[in-house]
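K.L.:
Quick one: sequence and predicted model below, then my questions.
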Amino acid sequence: MFNTICLVFTGIVIIGSILVYIYKFKNEVISHFTIIAAVCFLVEVFAPMVWQLRGQTKYRYLEVMEYTPQASFYFIIGYLFFCFFFFAKSPRYDNWLYSREDIENDYSDIRVHHAWILYGVFFVLYVIYLSLRGRSVLSQLTLGQQGNYSDDILSSTDSNLWFLMVSLNALVSISVVLLVYQKNYRWTTYIVYIVTLLFTVSAGYRHLMIDAILAPILVRSILNKKKISIPRLLLIVVCLYLVVSWVGAMRGVYRTGVGTLSGFESSSAFDSFMINIEVFFPYFAYTNYINSIRQFSFGGTYIAAILQLVPSFIWPGKGAAVATIKHDAGYKGMLSGMASEGIADNFWCEGYKNGGIFGIIIVFSILGRITAKLRKLQYSERASDVIIYALSATFMFQVLTRSFQNMLQDGLFLFLPILVLRFLPRLSFGSRGMRDYEEI
């Protein structure tokens with residue numbers, strides 16, 4: 001009973017913050033703040049409630065639900081710090097819809113032909129990745145129903161080749177750029193977008209698929225100066241639920257070519273959806289298991305994630321160094337089952353591992369400050385700033401439900417292509433030779 005009260009109170013805090021946000025920024029239906037609040041509600045309130053209704057209290061042999069009160073308390077403190085830093089750094093009662101009325105959209109900072117070239121480069125890299133995983137392009141475009149599958153010759157944990165896998169992130173961001181910037185021959189951008197979307201579905205990357213679907217909607221809303229209505233928002237939410245659940249339930253078919261797409265059921269849909277949000281239990285367990293200050297990582301997991309970007313052929317001893325810096329050997333006994341199944345620590349769980357309740361406060365405070373700064377991009381006249389705003393908003397699903405290492409690798413390839421495309425026209429040879437260039 002007390003666990004339920006704690007979860008209900010947590011839900012009231014989150015819903016209350018959304019009401020405050022709506023009162024201040026009435027036209028911002030889909031934004032960093034609303035997405036963060038929604039994900040926090042699903043992970044920290046809805047998913048534990050479902051577990052309670054099912055009578056589920058353990059993950060395997062590990063008891064987690066009995067630690068609900070302390071886990072909820074730590075989360076609420078951190079979330080309130082997030083709200084404080086967000087609202088403290090956001091202008092009072094300012095409204096993007098009214099402010100953009102006097103802003104002329106600027107599309108001159110990115111050359112469309114640069115975007116096509118960069119898309120081609122990352123497309124080739126991703127095709128190489130598919131071939132190494134034994135999958136053909138046709139198999140991915142037909143969701144595993146056609147095409148050839150062969151032996152997987154690439155280890156999914158090979159850190160030397162991880163950039164091939166995340167090249168799909170670059171395809172998503174560049175396809176959004178093409179949708180926004182290319183004015184003529186629009187049908188070509190739609191083909192590229194559909195191909196990219198099919199790749200994300202076939203790969204089973206649900207977070208990336210949300211970016212690919214939701215970001216263009218948000219970009220168009222801002223650039224066209226039109227508010228997303230509540231009925232349209234509800235339609236988007238329902239569609240995302242169905243698509244994400246379907247992809248999660250059927251991704252084995254996409255990846256292996258074994259089975260058909262007709263085996264999708266409503267029960268498997270909900271279970272598939274729950275897999276995405278029931279990432280609370282490592283955090284609940286850690287709040288009890290870590291009972292000594294010597295067990296905290298003190299930023300080690302974040303430093304290790306950055307070092308993981310260095311290829312092993314450049315730094316052969318990286319693995320041992322990273323394991324030492326992460327300082328998490330003491331947790332493996334408790335969560336060995338989770339680690340083997342790829343269950344990662346979520347945003348505030350990793351904060352707790354690095355410094356307890358103070359770690360949660362620090363990471364939520366940083367998140368509030370960063371999202372307040374990102375929010376200002378929707379007032380920019382440059383269309384690329386609006387794209388970064390939209391992608392960073394939808395990327396919050398990844399930030400909150402996955403580890404910092406996953407977020408860093410995926411975010412690097414999601415946003416770096418846009419920054420590269422903005423930089424290319426500034427090169428002396430490019431600006432001189434393309435001064436009179438007419439966009440496609």
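P.N.:
Sure thing, it's come through.
K.L.:
contacts and neighbour counts: CA atoms only from here.
P.N.:
Noted.
K.L.:
Next, count neighbours for M1.
P.N.:
Per other Cα atoms under 10 Å, the neighbour tally for M1 reads 6.
K.L.:
distance of it from M49?
P.N.:
Counting by Cα to Cα, to the nearest Å, the separation of M1 from M49 is 11 Å.
K.L.:
now do R135
P.N.:
Using Cα to Cα, which is the criterion applied here, R135 is 39 Å from M49.
K.L.:
Of those two, give the one with the bigger neighbour count.
P.N.:
The residue with more neighbours, out of R135 and M49, is R135; 24 against 18, by other Cα under 10 Å.
K.L.:
Who does the more buried one form a beta bridge with?
P.N.:
Judged by DSSP bridges, the bridge partners of R135 are Y149.
K.L.:
Before we move on, what's the pLDDT of it?
P.N.:
pLDDT for R135: 71.
K.L.:
do L416 as well
P.N.:
Predicted confidence (pLDDT) for L416: 92.
K.L.:
Pull out the buried residues from stretch 118-137.
P.N.:
Within stretch 118-137, the residues scored as buried using 16 or more other Cα atoms under 10 Å are 118-119, 122-123, 125-137.
K.L.:
That stretch: how far from the chain's middle?
P.N.:
For stretch 118-137, the distance from its own C-alpha centre to the chain's C-alpha centre is 22 Å (Cα atoms, centre = their mean, to the nearest Å).
K.L.:
go on, stretch 296-312?
P.N.:
19 Å.
K.L.:
next one: stretch 193-211
P.N.:
Counting by Cα atoms, centre = their mean, stretch 193-211 is centred 12 Å from the centre of its parent chain.
K.L.:
ok, and for it, which residues are buried?
P.N.:
193, 195-211.
K.L.:
average model confidence for stretch 304-317?
P.N.:
pLDDT averaged over stretch 304-317 gives 74.
K.L.:
and what of stretch 378-391?
P.N.:
88.
K.L.:
Give me the distance from that stretch to the chain's centre.
P.N.:
18 Å.
K.L.:
Next, the buried residues of the longest helix anywhere in the chain.
P.N.:
Using DSSP state H to define each element, the chain has its longest helix at helix 347-375. For helix 347-375, the neighbour count (16+ other Cα under 10 Å) marks 347-357, 359-365, 367-372, 374-375 as buried.
K.L.:
ok, and what's touching stretch 171-181?
P.N.:
The contact list for stretch 171-181, computed with Cα atoms under 8 Å, 6 or more residues apart in numbering, reads 107, 110, 112, 115-116, 118-119, 122-123, 186, 189-190, 192-193, 196-197, 208, 211-212, 215-216, 383-384, 387, 391, 414-415, 417-418.
K.L.:
For the strand or helix carrying L412, name the packing helices and strands.
P.N.:
For L412, the element it lies in under DSSP states H and E is helix 404-423. Under the contact criterion of 3 or more Cα pairs under 8 Å, 6 or more residues apart in numbering; DSSP states H and E, helix 404-423 touches helix 112-132, helix 167-181, helix 300-307, helix 383-394.
K.L.:
okay, the longest one in CSV with CA atoms only?
P.N.:
What follows is the C-alpha trace of helix 112-132 in CSV, where atoms were taken according to Å, rounded to 0.1, in the frame of the first residue of the first chain:
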residue,chain,number,x,y,z
VAL,A,112,21.5,20.4,-50.5
HIS,A,113,24.1,18.8,-52.6
HIS,A,114,26.4,18.5,-49.6
ALA,A,115,23.5,16.7,-47.8
TRP,A,116,23.1,14.2,-50.7
ILE,A,117,26.9,13.5,-50.7
LEU,A,118,27.0,12.9,-47.0
TYR,A,119,23.9,10.7,-47.1
GLY,A,120,25.6,8.6,-49.8
VAL,A,121,28.7,8.2,-47.6
PHE,A,122,26.8,7.0,-44.6
PHE,A,123,24.6,4.9,-46.7
VAL,A,124,27.6,3.0,-48.0
LEU,A,125,28.9,2.6,-44.5
TYR,A,126,25.6,1.2,-43.3
VAL,A,127,25.4,-1.2,-46.3
ILE,A,128,28.9,-2.5,-45.3
TYR,A,129,27.6,-3.0,-41.8
LEU,A,130,24.6,-5.0,-43.1
SER,A,131,26.8,-7.2,-45.2
LEU,A,132,29.1,-7.9,-42.2
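K.L.:
I'd guessed T57 sits against M65; true?
P.N.:
Yes. Using Cα atoms under 8 Å, T57 is in contact with M65, at 5.0 Å.
K.L.:
Pick out whichever of the two has more residues nearby.
P.N.:
Neighbours were tallied for T57 and for M65 using other Cα under 10 Å; the higher tally belongs to M65 (20 against 16).
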